[in-house]
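Enquirer: Next one to model:
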Amino acid sequence: MTGDRQQDTSTRAATSRRRVLTAAALAPVLAGAGTGPAAARALPTGPAGARVRRPVKPVPTRASDWAAVAKALGRGGNMLRGTTYHTGFPRGDLHVVSDGVTVTPGLALGTHVAFVRYADGTTMAMGDVVVTEHELQHVIDAWQAHGIMQTALHKHLLSQRPDIWWTHVHAHGRDAVALARGLRAGFDRTGTPPPAPPRPAVHVDLDTARIDAALGVKGSTEDGLYKCIFVRRETIHDGYLVLPPGLGSTSAFNFQPLGGGRAALSGDCAMLAGEVQEVLSALRRGGIKLVELHNHHLTDDPRLFFTHFWAVGDAVELARALRPAVAATNVVPATTG
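Expert: This is a model prediction of the structure:
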């Protein structure tokens, strides 16, 4: 018994020494926590605690509430559905060809960032950013230095030249301007051109009425394209933040006219796990090429998957081919404004 007590005492002493040594080793790390460029800007809160906090809802805002954010980003934006401040950064500097088609910025080369204010006084920013392969690592380094998280890295196009990547970003904090500056630090590492003056509306040489009828949606004309958008019916949470309808949970189909009723189609479909295979099968049955299957978020609930796809052909026939994929998902046509 005495031997057992001595062994137990020795074990406790060894454990205590290990704890002391571990604490000593961690002391420099802990002392440095909260310092440096990323922490000084106090940008993202991250997913920690998302499961234990009560959901927090977005609050309505006006474009004027985001004036300082617009200044930090270097360009103005617009309001979507009363809660989301949206800014586009079209990559008009890039000449991209995919499948023999010269891709316009509106079809698949548009960087977008969105800001939402929440009832707890915080702001969430998320976006999808177009970068060249040469720019990619430099952009990521700039964002990481400012606390901006990357939540996806993927492609929207097949066999494109030059090589283009898309990265999703996420940040959450109490200083909306700091979020914007952090995002801007990455944009400044790219060739994204300065904002251009608004262009006059351009007629879209497509049978939009038949496209609408085929898809069961009322599309819209923008930047010489015809766009049809659906939103998930479910309320989506990202951690403990309730996402406004349509933010990060849309199925979007862009038609670029090619003449003679033909179009290049670039699309993105939002799906639950149980919908994925039916959607992919429906797209392939319609002759639509699959590009990516991935996630946009890290802590979304319900968990969403996204597939990017591409096709070239008669626009109305493409819309008809899309309809079974839309019907396989729990979506409704998006409202404008």
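
Enquirer: contact partners of stretch 260-268?
Expert: For stretch 260-268, the external contacting residues (C-beta atoms under 8 Å, 6 or more residues apart in numbering) are 99, 101, 103, 107-108, 156-157, 205-207, 226, 250-258, 288, 306-316, 318, 322. Every C-beta, even on glycine, is put in place using the N, C-alpha and C of the backbone.

Enquirer: in it, what's buried?
Expert: For stretch 260-268, the neighbour count (16 or more other C-beta atoms under 10 Å) marks 262-268 as buried.

Enquirer: do stretch 128-135 as well
Expert: 128-132, 135.

Enquirer: go on, stretch 273-290?
Expert: Buried residues in stretch 273-290 (16+ other C-beta under 10 Å): 275-276, 279-280, 282-283, 286, 288-289.

Enquirer: cool, and stretch 216-232?
Expert: The neighbour-count check on stretch 216-232 (16+ other C-beta under 10 Å) flags 217, 219, 223-232 as buried.

Enquirer: Please narrow those residues to those residing in strands.
Expert: 225-232 (DSSP state E).

Enquirer: domains for this protein, by residue range?
Expert: The chain breaks down by automatic domain parsing into domains covering 2-33, 63-333.

Enquirer: and stretch 78-95, C-alpha only, in PDB?
Expert: In PDB, the C-alpha atoms belonging to stretch 78-95 read as follows (Å, rounded to 0.1, in the frame of the first residue of the first chain):
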ATOM      1  CA  ASN A  78     -27.400  49.500 -53.400                       C
ATOM      2  CA  MET A  79     -29.900  48.100 -50.900                       C
ATOM      3  CA  LEU A  80     -31.500  44.600 -51.500                       C
ATOM      4  CA  ARG A  81     -34.800  43.800 -49.800                       C
ATOM      5  CA  GLY A  82     -34.300  46.500 -47.100                       C
ATOM      6  CA  THR A  83     -31.600  44.700 -45.100                       C
ATOM      7  CA  THR A  84     -28.600  43.900 -47.400                       C
ATOM      8  CA  TYR A  85     -26.100  46.500 -48.600                       C
ATOM      9  CA  HIS A  86     -24.700  45.200 -51.800                       C
ATOM     10  CA  THR A  87     -21.600  46.300 -53.800                       C
ATOM     11  CA  GLY A  88     -20.400  44.900 -57.100                       C
ATOM     12  CA  PHE A  89     -16.800  44.900 -58.400                       C
ATOM     13  CA  PRO A  90     -17.100  43.700 -62.000                       C
ATOM     14  CA  ARG A  91     -13.800  42.500 -63.500                       C
ATOM     15  CA  GLY A  92     -14.000  44.500 -66.700                       C
ATOM     16  CA  ASP A  93     -10.200  44.300 -66.800                       C
ATOM     17  CA  LEU A  94     -10.200  40.600 -67.700                       C
ATOM     18  CA  HIS A  95     -10.700  39.100 -71.200                       C
END
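
Enquirer: What are the buried residues along that stretch?
Expert: 79-81, 83-92, 94.

Enquirer: Over to stretch 320-335?
Expert: By neighbour count with 16+ other C-beta under 10 Å, stretch 320-335 contains the buried residues 320-323, 325-326, 328-329, 331, 333-334.
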